[in-house]
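# Fold the following, please.
(2 chains)
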Protein chains: 2
Amino acid sequence: MYLAARWFPGHLTVIDRDECLELLNRTEVGRVAFSDSEGPLVLPVNHVMVGERIVFRTAPRTAIADHIGTGPVSYQVDEFDSYTSAGWSVLVRGTAEFVDGVWLTAHDLEPEPWADGRRSLHVSITPTEITGRRVVPT
Amino acid sequence: MYLAARWFPGHLTVIDRDECLELLNRTEVGRVAFSDSEGPLVLPVNHVMVGERIVFRTAPRTAIADHIGTGPVSYQVDEFDSYTSAGWSVLVRGTAEFVDGVWLTAHDLEPEPWADGRRSLHVSITPTEITGRRVVPT
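As a prediction, this is how the structure comes out:
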């Protein structure tokens, strides 16, 4: 940890769990990764945080809907800047399940997908591990 | 395809294969997804395109290096704009293998990781499927 905390251009530093959660809270788009029969795939969604849980919406009969609950998932958010060759990435590993959207709506926590279409299913990811890394600007 | 091509705010349209490749070419950072014993994970890397292959560098004894070649992978690039609630995402599914970096260097195709440290391994992903989607600006 001592070495990882050095602050110089291009150096990769560890982001602690609390800051990872902050970054998840202030990010609107993330990527859910899950596996189908042909391997892992990655799809962007709009999320909200409910405590430490990540909640997003999807539609029935999508790749995501068909594979949630069949195995572990990841959720990833990041931000990069080409000009300074810097950025950060947070990776959440956990399990996903469908949840009742009514409670979310009542608490004004409804995730609002940018994409149109009926997205009636709410998916919640409960983290088992949250890690993050940052590349310091040059 | 006719319906998918409609152009109105929030609508999800399909990006064809050629444009997906263009977007991959003009992007510097992408995310490789692969599985370890605990499921899928997603890590950002800096890539270059060599024809239709995605090439990036990593270091020995990293999570990526340990799991390349053990199963299928995905590679994902995207760009989003919170102001217009719009963006696009391209997903490549394929297989990954280690390649000789000398040829790349000779052809000035060397991927340059933003993160420091020795990243002596070159990984090449050969696509089996390339798909993309765009959310039209509001």
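# Who are the contact partners of the nearest residue to residue A:101 once chain neighbours are set aside?
In space, and not counting its chain neighbours, residue A:101 is closest to residue A:122: 4.1 Å by Cβ to Cβ, 6 or more residues apart in numbering or on different chains. (Each C-beta comes from the backbone N, C-alpha and C, glycine too.) Taking Cβ atoms under 8 Å, 6 or more residues apart in numbering or on different chains, we find residue A:122 in contact with A:55-57, A:98-101, A:104, A:111.
# Name the SS class of residue A:122, please.
Under the three-state scheme (DSSP: H, G, I helix; E, B strand; the rest coil), residue A:122 adopts strand.
# quick check, residue A:105 in a strand?
No. Assigned with three-state DSSP, residue A:105 falls outside any strand and is helix.
# Which neighbouring elements make contact with the helix or strand harbouring residue A:74?
Secondary-structure assignment from DSSP states H and E places residue A:74 in strand A:73-81. If you count contacts as 3 or more Cβ pairs under 8 Å, 6 or more residues apart in numbering or on different chains; DSSP states H and E, strand A:73-81 packs onto helix A:17-25, strand A:29-36, strand A:86-99, strand B:29-36, strand B:39-50.
# Which among the contacts of residue A:122 count as buried?
By neighbour count, with 16 or more other Cβ atoms under 10 Å in any protein chain shown, the contacts of residue A:122 hold A:55-57, A:101, A:104, A:111 as buried.
# Just the closest of these to residue B:71, please.
Lowest distance from residue B:71 to those (Cβ to Cβ) belongs to residue A:56, with 25.8 Å.
# Neighbouring strands of the helix or strand containing the closest one in the sheet, and parallel or not?
Per DSSP H and E, residue A:56 falls inside strand A:53-58. The sheet places strand A:53-58 alongside strand A:39-50 (antiparallel), strand A:121-135 (antiparallel), with pairing taken from DSSP bridges.
# Quick one: mean pLDDT over the first one.
So the one you mean is strand A:39-50. Mean pLDDT, computed over strand A:39-50, is 95.
# Per-residue pLDDT of the closest residue to residue A:52 other than its chain neighbours, please?
Closest residue to residue A:52 apart from its sequence neighbours, by Cβ to Cβ, 6+ apart: residue A:127 at 5.7 Å. On pLDDT, residue A:127 comes in at 98.
# tell me which residues form a beta bridge with residue A:127?
Residue A:127 forms beta bridges with residue A:94, as assigned by DSSP bridges.
# contacting residues around it?
The neighbours of residue A:127, taking Cβ under 8 Å, 6+ apart as the test, are A:52-54, A:92-94.
# Show the pLDDT at the residue lying closest to residue A:16 once chain neighbours are set aside.
Closest residue to residue A:16 apart from its sequence neighbours, by Cβ to Cβ, 6+ apart: residue A:132 at 7.7 Å. The per-residue pLDDT reported for residue A:132 equals 97.
# For chain B, see how far away residue A:132 is.
Separation of residue A:132 from chain B (Cβ to the nearest Cβ, to the nearest Å) stands at 11 Å.
# In this structure residue A:81 contacts residue A:137, no?
Yes. Assessed by Cβ atoms under 8 Å, residue A:81 is found in contact with residue A:137 at 7.3 Å.
# lowest average confidence, helix or strand, in chain A?
Using mean pLDDT, DSSP states H and E, the weakest-scoring helix or strand in chain A turns out to be helix A:101-106, at a mean of 79.
# ok, residues contacting the helix or strand following the strand holding residue A:56?
Sequence-wise, the next helix or strand downstream of strand A:53-58 (DSSP H and E) is helix A:63-67. Residues outside helix A:63-67 that contact it (Cβ under 8 Å, 6+ apart): A:32, A:34-36, A:41, A:43, A:45, A:58-59, A:121, A:123.
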